[in-house]
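Novice: Take this sequence and fold it.
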Amino acid sequence: MEGHGAYYTNLMNEGTYNENYEDILDTPTEFQQTPPIKDNNPSSKATRKQKGKNFTEEEDRLLVSAWLNVSTDATQGTNQKYCTFWKRIYMFYETNKGDIAERSQNSLMHRWNVIQEIVSRFCGALSQIENRNQSGQTIYDKVEQAEQLFKTNNPNNKSFQLRHCWLKLKDQPKWHIRHNELAAARTSNKKHKTRKNSSPGILHLTTEDGNEVLPAETIITNSDAPKRPIGKKKAKESLRGGGSDVCKEALDILWAKKREDDAEKERKREERYAKSYALEKERLELNKQKHALEKERVEHENNNSYLKRIAEGERIMSMDLSCMNELQRQFYMSLQTEILAKRCS
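Specialist: Okay, the predicted model is just below:
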């Protein structure tokens, strides 16, 4: 996943449900219990470790994000060995778990098998409800009916407790493919072998309701089952050949990625523009305040000068010229005449 880390990590934070599902989150859900693995080997019982704590919703969400990140990697996710696939999921989980408790790779594999089977069965129940085309039904009503149908179909009458996982998976194309594979496997009711590159000795698990859980990656032999996503080599060959549906799909993926990059660049450009605009506006406001202060200062100085001239004129006009000699009297008389002329003008 090198080179795509920033893009794939966004899957953990992006909203995977639209506004129509907001009310659904208000209903609390319990955590799905991880069923025990049946082991017929007596020698293994002596060394079997004590069962760990149940997975929390936070751990489930991180595991789902890890599976989506690794499985949707167009260059590696669909063309790698089973052990490598799960090693990468484990590494992603470990890298992003923060303060979450330690989980082994086998524990993550086991938990994902439980999640995918239960969520797939709920998706099937929801599809049945949606196919009824009932008028006046809201999204909340349909989900509520699907949960009731899930509980009714469950041999042990257990309710659906993995809504937090479904909300992250429901809009992901990779999950739609996986759900179709699981549904086809349940319909065919046949034994399925693990894919060619899977590790040997994978245990067949069962959920609490007694349903068999398929391994995390299996090959569906039914010819009607949907095709798996193309791998790295196939994608390159298709790009060189051109004209095929697979090539078009690969180009669509590249084009979608380009649009996302362009949108990110546009967002950053707008942020820079907004910041520059704010700084320029602040600078103009400071200049405006500076000019206002300067104008006020000049007006104040002019006013002081005017008052001084008025006071000086009044002093000259009030002088007693009778006690002055002829030269002084003529000087101050000329000043008085000049002051009167300015006032009259």
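Novice: Look up which helix or strand residue 69 falls in, please.
Specialist: helix 57-71 (DSSP states H and E).
Novice: Would you mind giving the orientation angle of whatever helix or strand comes next after that helix with respect to helix 57-71?
Specialist: Next helix or strand after helix 57-71 toward the C-terminus (DSSP H and E): helix 82-96. Taking axes from the mean of the first three to the mean of the last three C-alpha atoms, to 10 degrees, helix 82-96 and helix 57-71 form an angle of 130 degrees between their directions.
Novice: And helix 82-96, what does it pack against?
Specialist: helix 57-71, helix 105-131 (3 or more C-beta pairs under 8 Å, 6 or more residues apart in numbering; DSSP states H and E). In short, each C-beta sits where N, CA and C put it, glycine included.
Novice: Quick check: mean pLDDT of it?
Specialist: The average pLDDT for helix 82-96 rounds to 90.
Novice: which residues touch the nearest residue to residue 66 once chain neighbours are set aside?
Specialist: Computed as C-beta to C-beta, 6 or more residues apart in numbering, the closest residue to residue 66 that is not its neighbour in sequence is residue 92, at 4.2 Å. If a contact means C-beta atoms under 8 Å, 6 or more residues apart in numbering, then residue 92 has 1, 65-66, 69-70 as its contacts.
Novice: count of neighbours near residue 250?
Specialist: By other C-beta atoms under 10 Å, 18 other residues sit near residue 250.
Novice: go on, residue 308?
Specialist: Residue 308, neighbours per other C-beta under 10 Å, totals 10.
Novice: oh, and call the first residue 21 from now on, that's how I've got it
Specialist: Fine by me, first position is 21 from now on; the one you just mentioned is residue 328.
Novice: By neighbours, which of the contacts of residue 112 wins?
Specialist: Highest count within the contacts of residue 112 by other C-beta under 10 Å belongs to residue 86, 26 neighbours.
Novice: still on that earlier bit, for residue 103, find the nearest of the helices and strands packed on helix 102-116.
Specialist: helix 125-151 (9.1 Å; C-beta to C-beta).
Novice: Report the next helix or strand after the host helix or strand of residue 322 in sequence order.
Specialist: Using DSSP H and E, the element containing residue 322 is helix 265-337. Using DSSP H and E, the helix or strand that follows helix 265-337 towards the C-terminus is helix 346-364.
Novice: just to revisit the earlier point, can you list the helices and strands packed on helix 102-116 in JSON lines and add mean pLDDT and distance to residue 310?
Specialist: Below are those laid out as JSON lines (pLDDT from 0 to 100; distance: least, C-beta to C-beta, whole Å):
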{"stretch": "helix 77-91", "mean pLDDT": "92", "distance to residue 310": "54"}
{"stretch": "helix 125-151", "mean pLDDT": "94", "distance to residue 310": "64"}
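Novice: Give me whichever of the ones you listed is most buried.
Specialist: helix 77-91 (a mean of 22; mean count of other C-beta atoms under 10 Å).
Novice: now it against helix 125-151, angle please.
Specialist: 90 degrees.
Novice: can I get the CA coordinates of helix 77-91 in CSV?
Specialist: In CSV, the C-alpha atoms belonging to helix 77-91 read as follows (Å, rounded to 0.1, in the frame of the first residue of the first chain):
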residue,chain,number,x,y,z
GLU,A,77,-17.0,-1.5,18.1
GLU,A,78,-13.8,0.5,17.8
GLU,A,79,-11.8,-2.6,17.0
ASP,A,80,-14.5,-3.9,14.6
ARG,A,81,-14.4,-0.5,12.7
LEU,A,82,-10.6,-0.6,12.5
LEU,A,83,-10.6,-4.2,11.2
VAL,A,84,-13.2,-3.4,8.6
SER,A,85,-11.1,-0.4,7.5
ALA,A,86,-8.0,-2.6,7.3
TRP,A,87,-9.8,-5.1,5.1
LEU,A,88,-11.2,-2.4,2.8
ASN,A,89,-7.8,-0.7,2.5
VAL,A,90,-5.9,-3.9,1.6
SER,A,91,-8.6,-5.5,-0.6
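Novice: by contact count, what packs against that helix?
Specialist: helix 25-33, helix 102-116, helix 125-151, helix 183-189, helix 193-208.
Novice: got CSV for those, with distance to residue 78 too?
Specialist: Output for those, formatted as CSV (distance: least, C-beta to C-beta, whole Å):
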stretch, distance to residue 78
helix 25-33, 11
helix 102-116, 11
helix 125-151, 13
helix 183-189, 9
helix 193-208, 19
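Novice: closest one to residue 159 among these?
Specialist: helix 125-151 (9.9 Å).
Novice: now the angle from that closest one to helix 193-208?
Specialist: Using the same axes, to 10 degrees, helix 125-151 lies at 80 degrees relative to helix 193-208.
Novice: Residue 156: which element?
Specialist: Applying DSSP H and E, one finds residue 156 in no helix or strand.
Novice: Can you report how many residues lie near it?
Specialist: Residue 156: 5 neighbours (other C-beta under 10 Å).
Novice: got a list of what it touches?
Specialist: By C-beta under 8 Å, 6+ apart, residue 156 has no neighbours at all.
Novice: Look up phi and psi at it.
Specialist: phi 80, psi 10 (degrees, to the nearest 10).
Novice: cool, residue 339 as well?
Specialist: phi -70, psi 150.
Novice: what's the answer for residue 119, then?
Specialist: Residue torsions, per degrees, to the nearest 10, at residue 119 are phi -90, psi 10.
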